[in-house]
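Asks: Dropping the sequence and predicted coords here.
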Amino acid sequence: MLGFACIFLLPFYWMAISAFKNNAEIFANPVQWFPNPFRWENLAALVSRDDFPFLRQFGNSVFYAGSVALAVCFSCSLAAYSFGCLRWRARNLVFGLTVCALLLPSVVTFLPIYMGWTRLGLNGTYWPLIAPFLLGDAFYIFMLRQFFLGVPRELMDAARLDGASEFRIWWQIVLPQVRTPLVIVGLFAIVYTWNEFFGPLIYLQDREKFPLSLGLFTFRAARAQEWSISMMGALFTALPMVVLFLLTQRLFQRGLSSTGLK
Amino acid sequence: MGAVQLTGVRKLFGAMEVIKGIDLTVQDGELVVFVGPSGCGKSTLLRMIAGLEDVDYGVVSIAGVDVTELAPARRGVAMVFQNYALYPHMSAYDNLAYGLRRTGLGRAEVEARVQETAALLQITELLPRRPKAMSGGQRQRVAIGRAIVRKPEVFLFDEPLSNLDAALRVEMRSQIARLHHELKATMIFVTHDQVEAMTLADRIVVLNAGRVEQIGTPREVYHSPANLFVAGFIGSPAMNLLPARVGADGRLILASGAALDWPPGGLAEGQNLTLALRPDRLALGSGDQADATGKVTLAEHLGDETILHLRLGDGPGLTMKLPGDVPVRVGDAVPVSFDLSGACLFGADGLAVRTRQP
Amino acid sequence: MPVGPTTVGAAMPRRKRRAGQGEARAGVLFALPWMLGLTIFTAIPLLLTFFIAQSKFQITGPPKWVGMQNYEAIFADPAFWTSAGNTFMFAVISVPLKLVLALGLALLLNRVTALSGFYRTVFYLPFLMPAVAGSIVFILLLNPSAGPVNLMLEGMGLHPPDWLRDPRAALWTLILLNLWPLGVETLVFLGGLQNIPKDVSEAADLDSPKGWHKLVWITIPLITPMILFNLVIGIIYSFQIFAQALVIGGTTGKPAEATLMYMVVLYRLAFRYFNMGQAAAMAVVLFLVVLLLTLLIFRTARSWVYYEGDSR
């Protein structure tokens, strides 16, 4: 068991140590299991390269992931509240459609959307990547709804009797009950968006605007042989998410178990 | 303070009718209890009065105003929920103040009302606390406070005592009775516990499967049940229901052959009826004076009284409630004499035919 | 004081405006942004893709209806068939493999009590890795001469292939890369396993003569909903694999098109050759295939999946 875990961690470990070696050492045979010397200068090289605006792209990733997470938390909590707490005629129908959208391969929708954004002249900006989440996303709505279902109906009835408007009930009574699930959904959104590749690939052209996932790719496409830098870049693309996860583990697991139980 | 009137109220869930045409009036200042087995629709009916469930047919009016289509907050009702439904993230003070603030009351006025209500219920020290930090009974009082503070026309209670332990339940029952007396408020109370119903109510509405079985004071419902259902539901242990036939001489003949005297008048010979007797109307007969003999199947010794379950031949079972401690064991043959004062007769359709006054 | 008609029952009209209407209206309003989103970003594009697939489309000019021409073109394109075959092979191999591995892992994790938190963290971690970063690392790892994987395999006396240059092995590189992030599936299975009531499990222990009986006849059937879930998600995802394929094989699927995946060809058509029509045609074909598979799975699901009663 422990052995298996080690195998699992191997890629991480390899990435980490390669980041601190130079090219020759990476390919050394026999394998060098620990960098010697520990080349901290690789880190400096990473952030100061002209053809890899690392810090800027890091910032872009933060902006991208953060915006999407905020948008998702807001828009999806509206929809999830409607599906999970309110009773209206077409509710089950629309939710059924939402589940269908969940299962829909995105391949079949991205082309017209791309052409639409291009016609609007917004190709090349972050708008196509963030705007859809201002209206919602099937996955997060599904996840959030599970939690909204758990809010006791009595609570909302009491507020209705007290004279609160439906919006106020959402804002003042129900949302405070789902604070943690909202954070969970936000975390998921951050991780998924941080690692998002396809969207940025097709919509962004200016390297200065790339998020890290894309930036790493283009760097490697151009400079395949500069392994140390690539590894260092990969390390710092993955690291923030790893750290985030380690800090919030239990939340992630709660989020996953709420969806897996179908 | 207002009266509540329901006229022809019906409700359907899809094709199923859950409330089947209810007419009733709650007088100003009355405490009416809706009681019935689970699933009879009492909570649904209450929620329809509150506006939390839709009315499909009929009219609900409160204090003379037709509120059937009004939103819950505009009906002048306040409700105490079974699970208290206190806003968990707010202090007791804020819980009480919430509804008031929604109606645009000023800060001073809100403060005054909240303090007044808190004093009445003795929860002033609880005001800064959150529901988490309170016991069940305390939460219950805050929930009641939330209702009182809004000075509604009608108070609605949805099984508020079900979640409390027995001792607390008794205490809260007397608190509610006291409140009713002090506030002189119109209250509608829903419960499945008929002891609560009997002790609290000015009048009881017995419900079954979406219909009203009987409306009356506790005494009326107890002594003069309108039909077999009410007879079997009110009273613990339940009333004994014995099939009987009217004999040639106007006497009642039970399945076991025993013949009982019944005051003459109105009973046709050969009529098939059900005789209903309360368990405390059966006594240990002495030898030849007994009306029947039964074999004991279960004896419950409660200290100040004994409850015996008997079987008459292979006929129906009987429950007897005897005072004191009766030294009887399972399997013993016991002579039973019937005291027919207060007994009721029900026709084949289940409706009351005759009732003897106790 | 009396109000309203005093007639009872059917003589009264059914109420149209109800007290609950506020809630119903709110329900619609709250869901409105999402319904808008569904329409704009899912429903309409779905239909449009079908439409585009039947036209010749340069981004700048107006579309021209060409009927089935695009479909004919892609069916005639060898790259289409190669990539379709590769993708299909990839999906068919990696999805079941992943399910089995994840299930095994979940079973093991369910037993282990010491360090279970640690293990869960470890196994979930790869999922967090961006696809691109992961792929690059794997390239290094699998380097034939200096990568630790090969060196270890050689050390064990095995003859490891040249992962990245041997066309026959290259696909396995992708498969391995995709097997690595087991975390989600494992956790879903773990959740399912832990949902089995303890007394059911103990009853099965009493009833099962051989250890694996319990596994096959009791445990696995009880987690079939999770299997279904992972299966469907796995299929939908694996047929659309892109980022990893792009990193490992570039836009030509080197070596020798062994790693050329369907989505890469699609991407090429749309963004290198600007042939929207054919790209859309490919999208439609993929959609139909995945849809068919998914429906098939759901159809058969009724017979092999254990349902406990939906809360929906």
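Replies: Sure, I can see it.

Asks: which stretches of chain C aren't confidently modelled?
Replies: Within chain C, the stretches with pLDDT under 70 are C:1-19, C:58-61, C:113-116, C:145-146, C:209, C:211, C:253, C:307-312.

Asks: quick one, longest helix in the chain?
Replies: Just so you know, I chose chain A. Ranked by residue count and defined by DSSP state H, the top helix of chain A is helix A:227-260.

Asks: The chain in question should be chain C.
Replies: helix C:78-111.

Asks: avg pLDDT for stretch B:27-46?
Replies: Across stretch B:27-46, the average pLDDT comes to 93.

Asks: got the buried residues for it?
Replies: Using 16 or more other Cβ atoms under 10 Å in any protein chain shown as the test for burial, stretch B:27-46 gives B:30-36, B:40-46. In this view, the C-beta of every residue, glycine as well, is placed from N, C-alpha and C.

Asks: Can you flag which of those residues belong to strands?
Replies: Using DSSP state E, the members of those that fall in strands are B:31-35.

Asks: with those residues in mind, which one is nearest to chain C?
Replies: Nearest to chain C out of these is residue B:32 (Cβ to the nearest Cβ; 17.3 Å).

Asks: residues contacting that closest one?
Replies: Taking Cβ atoms under 8 Å, 6 or more residues apart in numbering or on different chains as the contact definition, residue B:32 lies against B:26, B:187-189, B:201-205.

Asks: Then residue A:210?
Replies: By Cβ under 8 Å, 6+ apart, residue A:210 lies in contact with A:57, A:60, A:200, A:204, A:218.

Asks: Residue A:124: which of these is nearest?
Replies: Using Cβ to Cβ, residue A:204 comes nearest to residue A:124 of the contacts of residue A:210, at 6.4 Å.

Asks: So what does the spatially closest residue to that closest one that is not a sequence neighbour have for phi and psi?
Replies: In space, residue A:204 comes closest to residue A:210 once its chain neighbours are excluded; the distance is 5.8 Å by Cβ to Cβ, 6 or more residues apart in numbering or on different chains. In terms of degrees, to the nearest 10, the main-chain angles of residue A:210 are phi -60, psi 140.

Asks: Next to chain A, which bits of chain B? Give me the list.
Replies: Contacts of chain B with chain A, taken as Cβ under 8 Å from any Cβ of the partner chain, map to B:47, B:50-52, B:71-74, B:77-79, B:81-89, B:98-99, B:102-103, B:146, B:150.

Asks: again, only this time at 7 Å
Replies: Neighbours of chain A within chain B, by Cβ under 7 Å from any Cβ of the partner chain: B:50, B:52, B:72-73, B:77-79, B:81, B:83, B:85, B:87-89, B:98-99, B:102-103.

Asks: Remind me what the longest helix of chain C packs against, helices and strands.
Replies: Counting by 3 or more Cβ pairs under 7 Å, 6 or more residues apart in numbering or on different chains; DSSP states H and E, the packing neighbours recorded for helix C:78-111 are helix C:116-128, helix C:167-179, helix C:183-194, helix C:224-239, helix C:262-271.

Asks: Now the two most distant members of the contacts of residue A:210.
Replies: Top of the distance list for the contacts of residue A:210 (Cβ to Cβ): A:60 and A:218, 13.0 Å.

Asks: Name the residue in the two with the higher neighbour count.
Replies: Neighbour count, other Cβ atoms under 10 Å in any protein chain shown: between residue A:60 and residue A:218, residue A:60 has more, with 21 against 16.

Asks: Would you tell me what helix or strand the more buried one is located in?
Replies: Element membership for residue A:60 (DSSP states H and E) is helix A:54-85.

Asks: check contacts around residue A:218.
Replies: Residue A:218 makes contacts with A:207, A:210, as judged by Cβ atoms under 7 Å, 6 or more residues apart in numbering or on different chains.

Asks: what's the spacing between it and chain B?
Replies: Distance, residue A:218 to chain B, by Cβ to the nearest Cβ, to the nearest Å: 47 Å.

Asks: Please save the CA atoms from the helix or strand of chain A with the lowest mean pLDDT in PDB.
Replies: Least confident helix or strand, chain A: helix A:23-26 with a mean of 70, by mean pLDDT, DSSP states H and E. The C-alpha atoms that make up helix A:23-26 are tabulated as PDB, following Å, rounded to 0.1, in the frame of the first residue of the first chain:
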ATOM      1  CA  ASN A  23      19.400  19.600 -18.200                       C
ATOM      2  CA  ALA A  24      22.300  17.400 -18.000                       C
ATOM      3  CA  GLU A  25      21.500  16.300 -14.600                       C
ATOM      4  CA  ILE A  26      17.900  15.600 -15.500                       C
END
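
Asks: Pull the distance from it to the chain's centre.
Replies: Put simply, helix A:23-26 sits 33 Å off its chain's centre (Cα atoms, centre = their mean, to the nearest Å).

Asks: and chain B, which residues reach chain C?
Replies: Proximity of chain B to chain C (Cβ under 7 Å from any Cβ) is limited to residues B:5, B:7-8, B:21, B:23, B:51, B:54-59, B:61, B:64, B:66, B:68-72.

Asks: Contacts only, for residue C:235.
Replies: Taking Cβ under 7 Å, 6+ apart, we find residue C:235 in contact with C:91, C:95, C:290, C:293-294.

Asks: between these, which has the most around it?
Replies: Counting neighbours by other Cβ under 10 Å, the top entry in those is residue C:91, with 25 neighbours.

Asks: ok, and the closest non-adjacent residue to it?
Replies: Counting by Cβ to Cβ, 6+ apart, residue C:91 lies nearest to residue C:238, which is 4.1 Å off, once chain neighbours are set aside.

Asks: Quick check: end-to-end length of stretch B:38-55?
Replies: Taking Cα to Cα, to the nearest Å, stretch B:38-55 runs 20 Å from one end to the other.

Asks: Not counting its own residues, what contacts that stretch?
Replies: With contact meaning Cβ under 7 Å, 6+ apart, stretch B:38-55 is reached by A:157, A:160-161, B:4, B:9, B:11, B:18-19, B:22, B:34-36, B:60, B:67-68, B:70-72, B:75, B:77, B:79, B:156, B:158, B:188, B:190, B:192, B:207-210, C:15, C:18-20.
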